[in-house]
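S.K.: Dropping the sequence and predicted coords here.
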Amino acid sequence: MLGPMPSKGKRKKGGSASGGESPSQTNSEKQKKKQAKIDTTQPKLDSFLEMETGAGVGIPSPEKAKSTNDNPIFIAILDMQKTMERMFTKIEVLLAEKVEINATNIRDLQTGSDFNGNIVETLQKDNDSLKLRCDMYEGRIIRLEKQLAATNEKVLDLTSRSMRNNLLFEGLPEVKDEKSEQTEGIVRDFVFDELKIQESDMGKIQFDGIHRTGPKGTKPRTIVARFNPRKGKDLVLRNTKNLDPKYKINEQFPPEIAERRKALLPLRREMKLKGHRVNISYDKLIVNGKQYYPPTATPGVTHADAKLDDDTRKKIKITHSGQTTTEGSVFQGHVSKIKDPELIEPALFKLYENISIAQATHNIWAFRGTLNGKLFENHKDDGEHSASFKMLELMRLKNIENCLVIVSRWKGGGDLGPTRFECIKEAATRALRQACLIA
């Protein structure tokens, strides 16, 4: 009888079904393979760490590793982490230093920008201050020019008065080393012989002084004769109609007045040809008993008034307010209804024909009109700082356009301070009301 068949068992891993390797042999082979793998990895890891840190890392052999912390791969990773932390720390320090440097540079730039801004602001203030000074000096110069012109006219008038009894004789013969008595005799003989004055009237001709003027030359010099009394001079002038054209007898005037009179001669001839009764009195042309103003210029005024021709004069109408006095200062307002800025200057010229207004301490004006279809504003202090702008503000408040407002101030007494602005605005308001521009 056959015995029982042996059961079929599963084949163990690493062995054969029939008698494979023993367990001790299998474990020994596994340890060898593991050690070979470690030996292959160790040089690569050391080389990598040496490249990153500049030094090799000693890794204990597997025989000495008794725990997870002694695992060579784990230790290598920890060392790499520490190395990277040191590198990051250095990077952070470098970045912090760079950030601080950049922040310092930014602060320096901001400081420099603030400094430059302060410089610009200071320069702007200085420029504004200089502009104010220029405006002030311009006003002073204008006033000084007015005063100088007025003073010159007074000097000319006084000089002319000192010459009012004088006559100039031209073309009378001159003797060698002529004395004053001889000169007087020459004049008396000339008056009697050439002007046909009666001998009975010769006693009226008396002289306070008589002399020749100008450098000696080939021609006889002019004789200046001062008559006393004046009736002797008038007698000679009345008889000049009998004078030979080779001789000349004229009244004596200062050179400036003589030039003005000379400029009027062509116009006098023209008026005579038209049948008018014409004569020249001092520096004025008198036509039919009234002073005549040429269309392009007025005798005795500045050349700038030539802009004020007859057509422009007719266009410009000026309304005046009454005068008011505050602590010695006199204020008066004036209004001209014009809309073209080109008429500002002619309007001022016309206003300054009034000598009293022209000699005012300040003539402050403000204008609102039209230029190229748009609102145009302008103003001038004439030395009264900020006053014209306050007048312009008044015009804006009252909605006044196409108008020139002027306020004249004759300064007197003490300093009014800010009160002067109220006086100026009141004068402007009175003139606007007078011109029916406000109620």
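M.R.: That came in fine, so what should we check first? Residues are numbered from 1 along each chain as shown.
S.K.: Going by C-alpha atoms from here, please, whenever you check contacts or count neighbours.
M.R.: Noted.
S.K.: Any stretches of the stretch 101-250 of the chain with poor pLDDT?
M.R.: Regions of the stretch 101-250 of the chain meeting the criterion pLDDT under 70 cover residues 132-133, 135-136, 138-140, 142-143.
S.K.: Tell me which stretches of it form strands.
M.R.: 166-170, 207-213, 222-227, 248-251 (DSSP state E, counting those that start in this stretch).
S.K.: Tell me which of those strands lies nearest to residue 324.
M.R.: Closest to residue 324 of the strands of the stretch 101-250 of the chain, according to CA to CA: strand 248-251, at 44.3 Å.
S.K.: continuing past the closest one, what's the next helix or strand?
M.R.: Beyond strand 248-251 on the C-terminal side, the first helix or strand identified by DSSP states H and E is helix 255-273.
S.K.: And the contacts of the helix or strand immediately after that following helix in the chain?
M.R.: Using DSSP H and E, the next helix or strand after helix 255-273 towards the C-terminus is strand 278-281. For strand 278-281, the surrounding residues in contact (CA atoms under 8 Å, 6 or more residues apart in numbering) are 261, 264, 268, 271-272, 285-289.
S.K.: any idea which of the strands of the stretch 101-250 of the chain is most buried?
M.R.: strand 222-227 (a mean of 22; mean count of other CA atoms under 10 Å).
S.K.: Now do the domain split for the chain, please.
M.R.: Following automatic domain parsing, one finds the domains of the chain at 166-252, 265-299, 303-434.
S.K.: most neighbours per residue, which of the ones you listed?
M.R.: Most buried of those, by mean neighbour count (mean count of other CA under 10 Å): domain 303-434, with a mean of 18.
S.K.: for the record, mean pLDDT for it?
M.R.: For domain 303-434, mean pLDDT is 88.
S.K.: Determine how far that domain lies from the middle of the whole chain.
M.R.: 21 Å (CA atoms, centre = their mean, to the nearest Å).
S.K.: returning to what we had before: and residue 401, which of the strands of the stretch 101-250 of the chain is closest to it?
M.R.: It is, among those and with distance given as CA to CA, strand 248-251, at 52.5 Å.
S.K.: Name every strand pairing with the closest one and say which way it goes.
M.R.: Its sheet considered, strand 248-251 pairs with strand 166-170 (antiparallel) by DSSP bridges.
S.K.: The partner strand vs strand 222-227, what angle?
M.R.: Using axes from the mean of the first three to the mean of the last three CA atoms, to 10 degrees, the inter-axis angle of strand 166-170 relative to strand 222-227 is 150 degrees.
S.K.: Pull the CA coordinates from strand 166-170 and hand them back as PDB.
M.R.: Provided in PDB are the C-alpha atoms of strand 166-170 (Å, rounded to 0.1, in the frame of the first residue of the first chain):
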ATOM      1  CA  ASN A 166      14.600 192.100 -25.400                       C
ATOM      2  CA  LEU A 167      14.900 192.400 -29.100                       C
ATOM      3  CA  LEU A 168      17.400 190.700 -31.500                       C
ATOM      4  CA  PHE A 169      18.800 192.800 -34.300                       C
ATOM      5  CA  GLU A 170      20.400 190.800 -37.100                       C
END
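S.K.: Quick check: buried residues in stretch 150-168?
M.R.: Neighbour counts over stretch 150-168 (16 or more other CA atoms under 10 Å) mark 156-157, 160, 163-168 as buried.
S.K.: With respect to residue 378, which of the residues you listed is nearest?
M.R.: residue 156 (36.7 Å).
S.K.: Test my guess that that closest one contacts residue 254.
M.R.: Yes: with contacts counted by CA atoms under 8 Å, residue 156 reaches residue 254, the gap being 6.7 Å.
S.K.: Can you give the contact residues for stretch 149-167?
M.R.: Under the contact criterion CA under 8 Å, 6+ apart, stretch 149-167 has outside partners 224-230, 233, 249-254, 256-257, 359.
S.K.: related to what we said a few turns ago, make a markdown table out of the contacts of strand 278-281 and add pLDDT and distance to residue 116.
M.R.: Shown next, in a markdown table, are those (pLDDT from 0 to 100; distance: CA to CA, whole Å):
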| residue | pLDDT | distance to residue 116 |
| --- | --- | --- |
| 261 | 88 | 63 |
| 264 | 87 | 63 |
| 268 | 88 | 69 |
| 271 | 85 | 71 |
| 272 | 88 | 74 |
| 285 | 86 | 65 |
| 286 | 89 | 68 |
| 287 | 86 | 70 |
| 288 | 87 | 73 |
| 289 | 85 | 72 |
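S.K.: Need the buried residues of stretch 150-168 in a markdown table (columns: distance to residue 310).
M.R.: Listed next are the buried residues of stretch 150-168 as a markdown table, based on distance: CA to CA, whole Å:
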| residue | distance to residue 310 |
| --- | --- |
| 156 | 28 |
| 157 | 28 |
| 160 | 30 |
| 163 | 35 |
| 164 | 34 |
| 165 | 37 |
| 166 | 37 |
| 167 | 37 |
| 168 | 37 |
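S.K.: what's the following helix or strand after the strand ranked longest in the chain?
M.R.: As assigned by DSSP state E, the longest strand anywhere in the chain is strand 362-371. Counting by DSSP H and E, the element after strand 362-371 in chain order, helix or strand, is strand 374-380.
S.K.: Strands along the stretch 301-439 of the chain, start to end?
M.R.: 318-320, 324-326, 329-336, 362-371, 374-380, 403-410.
S.K.: And those: which comes nearest residue 201?
M.R.: strand 403-410 (53.0 Å).
S.K.: angle of the closest one against strand 329-336?
M.R.: 160 degrees.
S.K.: What strands flank strand 403-410, and is each parallel or antiparallel?
M.R.: Here strand 403-410 has these sheet partners by DSSP bridges: strand 329-336 (antiparallel), strand 362-371 (antiparallel).
S.K.: any idea of the angle that strand forms with strand 374-380?
M.R.: Using the same axes, to 10 degrees: strand 403-410 against strand 374-380 is 10 degrees.
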